[in-house]
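J.: Structure for the following, please:
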Amino acid sequence: MENQKCCCHKKKVRPEDEVKKLLNRLSRIEGQIRGIRGMVENDAYCTDVLVQSAAVTAAMNAFNRELLASHIRTCVADDIRAGRDEVIDELVATLQKLMK
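T.: All right, here's what the predicted structure looks like:
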């Protein structure tokens with residue numbers, strides 16, 4: 001994870017089961033990406049590569065939905081309860097980025 005920039009100083013301690021679930025999803029997506037790379041290296045037909053790419057996009061969208069739902073239920077809800085309403089603007093900005 002070299003040259004990775006963190007967008008803020010906040011951190012979240014996740015329950016172990018959530019971490020395992022998220023990492024499992026990412027591992028499967030990583031495998032899909034490696035599969036697409038292999039397809040390109042082996043001169044697979046364009047449509048076949050595109051179908052696999054669409055599957056990766058769907059998998060990433062599912063990952064994002066799961067993470068976003070957890071974020072709203074925990075981080076956002078906790079911040080609102082604590083009177084930190086600026087979290088709403090942060091959530092709106094995040095949703096706008098996800099909807100691009």
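J.: In space, what's closest to residue 88 - neighbours in sequence excluded?
T.: For residue 88, ignoring the flanking residues on the chain, the nearest one in space by Cβ to Cβ, 6 or more residues apart in numbering is residue 80 at 7.3 Å. Quick note: C-beta positions are derived from backbone N, CA and C, even for glycine.
J.: For residue 44, see how far away the one you found is.
T.: Using Cβ to Cβ, to the nearest Å, we find residue 80 at a distance of 48 Å from residue 44.
J.: for residue 70, same thing?
T.: Residue 70 sits at a distance of 35 Å from residue 44 (criterion: Cβ to Cβ).
J.: quick one on the thing from earlier: how many residues are close by the residue nearest to residue 88?
T.: Neighbourhood size, residue 80 [other Cβ atoms under 10 Å]: 14.
J.: now swap in residue 95 and tell me
T.: 11.
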